[in-house]
Every structure is written in structure tokens, then in C-alpha cells.
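> the sequence and its predicted three-dimensional model are supplied below.
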Amino acid sequence: MKNKIIVLSIILLFIALIGILVYGGENKVDAKIPTINTHLKSGDSEYNSAVTSLNNKKYSDAQTSSENALNEFKKAKETAQDALISSTDGNNTVIQKYIQDTISEIDLKISATNELSSGIRSVSTNPSEANQHFTKSNDLMKQSLEIKTQRKQTEKENPSIFQNIN
């Protein structure tokens with residue numbers, strides 16, 4: 001009888017450990033997605049502030065907002081990379097693809113922000129070069145919005161997976 005209890009206890013412990021390994025990663029990802037989205041929203045806001053300041057010829061303010069945007073996007077990427085690592089602990093390919101798409105979106109936003117910063121730095125010395133940077137920045141940001149649209153579609157198609165992210 002005593003041996004049966006020990007064996008049963010070991011089996012239950014083993015099942016619990018498997019559950020933690022399989023579902024633990026997904027819970028970590030669920031907790032990180034809102035943080036990623038917060039950094040993305042802050043980065044977008046700072047990026048838009050940089051563009052507004054640029055249009056108003058407030059180049060110092062534009063550069064500051066651009067740097068703030070870049071910092072927010074980098075924080076989002078760092079958290080997304082952590083989430084991607086956590087997502088590989090489970091078997092949820094939807095989450096993994098979603099996080100990979102998020103990282104692609106963030107990479108485009110980082111590149112767009114870098115182009116914007118380069119344009120701001122060269123606006124007074126080489127307006128033609130600055131305009132090339134601004135055009136590239138705008139194109140990259142449009143591409144990032146396409147990926148964001150795909151992510152939102154994934155959320156709509158999988159409400160049970162993404163019910164706690166906003």
C-alpha cells in the first residue's frame with residue numbers, strides 16, 4: 001500500500017511538472033504581450049510627435065521625440081524577444097507566429113525611426129538627403145502598419161488565445 005502511494009505521488013508530481021512546462025511558457029507570453037503593446041503605443045506616439053515637431057521646424061524637439069520613440073521600440077523588441085523564447089516552451093504555433101510578426105513590425109519601426117532621425121540631423125545641411133530619409137521612414141512605417149493589421153487579424157481569428165492581451 002505504501003509503495004502504491006509513493007508511485008502515485010511520483011506520477012502526480014510528474015504530471016504537474018509537465019503542465020508547468022507546457023503551460024508556463026504561454027502564461028509568460030500572455031503577461032508580456034500587454035507590455036509589448038504599451039511600448040509600441042508609446043513609441044508610435046513619440047514617433048508622431050517627432051513628425052509633428054519636424055513639420056513645425058522644431059528640429060531639436062523632433063530629435064528628442066525620435067530618440068524617445070527609438071527607446072520605446074527597443075524596449076518592445078526586447079520584451080518580444082523574451083516572449084518568443086517563452087513561447088517555444090509551449091506548442092502554440094499561433095502565439096509563436098504572432099510574436100515573430102510583432103518582432104518584424106518592431107524592426108520596421110526601429111528602422112523607420114532611425115531614418116527619421118537621420119533626416120532630422122541632415123535637414124539643415126542637406127535637404128535633399130533629408131527628404132530621402134523621410135521618404136524611406138514613411139515607407140517603412142507603412143510596411144509596419146501592414147504587419148500590425150495582420151497581427152490584429154490574428155487576434156480576431158483566435159479570441160480564446162488573445163482574450164487577455166489588451
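Alright, I've got the coordinates.
> what mean pLDDT does stretch 136-144 have?
Averaged across stretch 136-144, the pLDDT comes to 98.
> what comes into contact with it?
With C-beta atoms under 8 Å, 6 or more residues apart in numbering as the contact definition, stretch 136-144 has outside contacts at 47, 105-106, 108-109, 111-113, 115-116, 119. Heads up, the C-betas are built off the backbone N, CA and C, glycines and all.
> immediately after the helix or strand hosting Thr38, which helix or strand?
Thr38 is part of helix 2-55 when elements are defined by DSSP states H and E. Under the assignment DSSP H and E, the closest C-terminal helix or strand after helix 2-55 is helix 59-87.
> could you point out which element follows that next one?
Downstream of helix 59-87, the next assigned helix or strand under DSSP H and E is helix 93-122.
> residue ranges with poor pLDDT in this protein?
Applying pLDDT under 70 to the chain flags residues 1-28, 90, 164-166.
> if we use 80, what do you get?
1-30, 88-91, 163-166 (pLDDT under 80).
> which residue packs closest to Ile106, ignoring adjacent ones?
Lys77 (4.5 Å; C-beta to C-beta, 6 or more residues apart in numbering).
> shouldn't that neighbour be in contact with Ser111?
No: the criterion here is C-beta atoms under 8 Å, and Lys77 misses it with Ser111 at 11.5 Å.
> neighbour count for those two, which is higher?
Lys77 (21 against 18; other C-beta atoms under 10 Å).
> any idea how far Asn92 lies from Ala31?
Asn92 is 15 Å from Ala31, where distance means C-beta to C-beta, to the nearest Å.
> kindly apply the preceding question to Leu40 instead.
Relative to Ala31, Leu40 is positioned 16 Å away (C-beta to C-beta).
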